[in-house]
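# Return a 3D structure for these sequence lines:
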Amino acid sequence: MFLISSLTFHVRLSRKWAFFCQSLSEINIAVQQLDEVGREVKLCTHIGGGHYASVTSGFRCVDFRKWFQPRDL
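Numbers count the residues shown, from 1 in each chain. Predicted structure coming up:
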């Protein structure tokens, strides 16, 4: 039983990691755009498993969150 639950966990983690890796190019492009003068950057992307990454002008970082709630709610 432990082996099956361990394998299930590993498969779920692998899927989340793969989804995250697919999102990296979009995140990297947004980070590079932060250096462009006068460029407005606003990216919020789902990276798998209820996790989100955001890149926004005025903040020189990538914000990783477990949940995301749009500002207009």
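
# in what helix or strand does the residue nearest to the spatial centre of the chain lie?
Central residue of the chain (Cα atoms, centre = their mean): residue 53, 3.2 Å from the mean position. Here residue 53 sits within strand 51-56, counting by DSSP states H and E.

# Same check on residue 17?
helix 2-33.

# Direction included, what does whichever helix or strand comes after that helix pair up with?
Of the helices and strands lying after helix 2-33 in sequence (DSSP H and E), the nearest is strand 42-48. Neighbouring strands of strand 42-48 in its sheet, by DSSP bridges, are strand 51-56 (antiparallel).

# what sits up against the partner strand?
Strand 51-56 is contacted by residues 16, 20, 23, 27, 30-31, 34, 41-47, 62-68 when judged by Cβ atoms under 8 Å, 6 or more residues apart in numbering. The C-beta positions use only the backbone N, C-alpha and C, and glycine is treated the same way.

# and residue 64, which of the three is it?
strand (DSSP: H, G, I helix; E, B strand; the rest coil).

# and the residue lying closest to it once chain neighbours are set aside, what pLDDT?
Nearest residue to residue 64, sequence neighbours excluded (Cβ to Cβ, 6 or more residues apart in numbering): residue 53, at 5.4 Å. Looking at residue 53, its pLDDT is 92.

# residue contacts, residue 41?
30, 33-34, 55-57.

# Which of these ranks first by neighbour count?
Compared across the contacts of residue 41, residue 55 has the highest neighbour count, 23 neighbours, by other Cβ atoms under 10 Å.

# Spatially, what comes nearest to it if we skip its sequence neighbours?
Spatially, and ignoring its direct neighbours in sequence, residue 55 is nearest to residue 30 (3.9 Å; Cβ to Cβ, 6+ apart).

# Return the residues in contact with that neighbour.
Contacts of residue 30 by Cβ under 8 Å, 6+ apart are 41, 43, 55.

# per-residue confidence for it?
With respect to pLDDT, residue 30 has a value of 95.

# Ok, the one 10 residues further on next?
Residue 40 carries a pLDDT value of 94.

# Surely it is in contact with residue 57?
Yes: with contacts counted by Cβ atoms under 8 Å, residue 40 reaches residue 57, the gap being 5.3 Å.
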